[in-house]
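Novice: Based on what follows, work out the 3D shape:
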Amino acid sequence: MIRVKNYLLVSCIFAGIISGVLLLINLENGDFSSLLPVIFNGNEEDDDDDDDTNQETNQGPSPPRGKNRQEIYGIINTFPQSSKGSWVSETEHYTFDQKLKGTWQIDGQTYIANEETIYQNTKGVFKVGSCVKFDIYLGFNTLLRVRTQEPEECSGEAAFELNSALVEKAPDGLYGSWVIGGKEFFTNKETKFEADDIRQFDCVNIDYMPKSGLIVEIDSKWDLRCYDFD
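Specialist: Got it, this is the predicted structure:
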């Protein structure tokens with residue numbers, strides 16, 4: 001009887017040692033599922049519910065913070081207005097006024113102002129027909145900042161800005177075809193180079209003419225926001 005008890009005790013100890021070794025191996029490999037299967041693996045029905053929720057709330061990719069930021073000029077066609085008409089009052093030069101949140105149409109293009117959009121009216125109040133300079137991320141229509149400008153700024157073709165953008169393609173010399181931030185541009189003798197040696201995969205700021213795609217000025221800028229780190 002004593003031998004049987006000793007055998008069972010030794011077996012339990014041996015089994016415990018084996019389990020401990022396997023557990024350590026799993027932990028070293030980053031596998032925690034054996035520890036908390038319910039928490040880590042979850043319930044299949046709950047996972048399905050989460051997927052459905054994500055599909056309902058996900059309205060598309062969010063703009064990248066700081067990367068490929070554009071500054072554009074345009075004329076206000078329509079925008080959210082109060083019963084008083086134009087916004088913001090001339091004494092409010094910097095505001096997050098929620099009454100301006102909603103759909104804007106500038107130069108025939110639709111943009112969206114949200115609760116984080118900044119409005120500045122140092123050069124006149126917002127109204128239909130006002131010239132504005134606004135910031136968006138390339139490929140997105142969310143307004144980051146909207147500023148009133150003098151009318152003459154919108155009377156001709158003003159240079160747009162593209163900041164913290166990655167050079168995806170560069171010509172062999174100074175002049176030629178470029179792909180920056182996923183968009184095609186070109187340089188010629190009219191282009192001002194603020195940096196001597198700009199190459200593929202560099203991060204840059206550029207001023208360019210929107211209709212022709214001519215880069216008026218280009219400068220290199222070290223900015224981690226240009227690069228995607230997974």
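Novice: isn't there a helix covering Arg225?
Specialist: Yes: Arg225 sits within a helix when classified using DSSP: H, G, I helix; E, B strand; the rest coil.
Novice: wait, it sits on Asn163?
Specialist: No: counting by CB atoms under 8 Å, Arg225 stays clear of Asn163, with 9.5 Å between them. For the C-beta atoms, the positions are set from N, CA and C on the backbone; glycine is no exception.
Novice: who has more neighbours, these two?
Specialist: Under the criterion of other CB atoms under 10 Å, the comparison of Arg225 against Asn163 puts Asn163 first, with 23 against 17.
Novice: For the helix or strand where that one lies, name the packing helices and strands.
Specialist: When elements are assigned from DSSP states H and E, Asn163 belongs to strand 160-169. Secondary-structure packing of strand 160-169 (3 or more CB pairs under 8 Å, 6 or more residues apart in numbering; DSSP states H and E): strand 69-78, strand 176-180, strand 203-208.
Novice: Any buried residues in the helix or strand that the longest one is followed by, and which?
Specialist: What it means is strand 69-78. Past strand 69-78, heading to the C-terminal end, the next element that is a helix or strand (DSSP H and E) is strand 102-106. Residues of strand 102-106 classed as buried by neighbour count (16 or more other CB atoms under 10 Å): 104, 106.
Novice: What strands line up against strand 102-106, and which way round?
Specialist: Strands adjacent to strand 102-106 in the sheet, as given by DSSP bridges, are strand 69-78 (antiparallel), strand 109-120 (antiparallel).
Novice: And the ones you listed: which comes nearest Gln98?
Specialist: strand 109-120 (6.4 Å; CB to CB).
Novice: how much does the next helix or strand after the closest one deviate in direction from strand 160-169?
Specialist: Secondary structure here is assigned by DSSP H and E; on that basis, the next helix or strand after strand 109-120 toward the C-terminus is strand 131-137. Between the axes of strand 131-137 and strand 160-169, defined by axes from the mean of the first three to the mean of the last three CA atoms, to 10 degrees, the angle is 30 degrees.
Novice: circling back: adding mean neighbour count, write the helices and strands packed on strand 160-169 out as CSV.
Specialist: Supplementary listing: those in CSV, determined by neighbours: other CB atoms under 10 Å:
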stretch, mean neighbour count
strand 69-78, 19
strand 176-180, 17
strand 203-208, 22
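Novice: Out of those strands, name the one with the poorest average pLDDT.
Specialist: In terms of mean pLDDT, the lowest-scoring of the helices and strands packed on strand 160-169 is strand 69-78 (a mean of 89).
Novice: tell me the angle the strand holding Asn163 makes with strand 176-180.
Specialist: Strand 160-169 and strand 176-180 meet at an angle of 100 degrees, taking the same axes, to 10 degrees as the criterion.
Novice: Can you name the residues in contact with strand 160-169?
Specialist: Applying CB atoms under 8 Å, 6 or more residues apart in numbering, the contact partners of strand 160-169 are 66-73, 138, 177-183, 198-210, 221, 223, 225-227.
Novice: change it to 6 Å
Specialist: 66-72, 179-181, 200, 202, 204-208, 210, 223, 225-226 (CB atoms under 6 Å, 6 or more residues apart in numbering).
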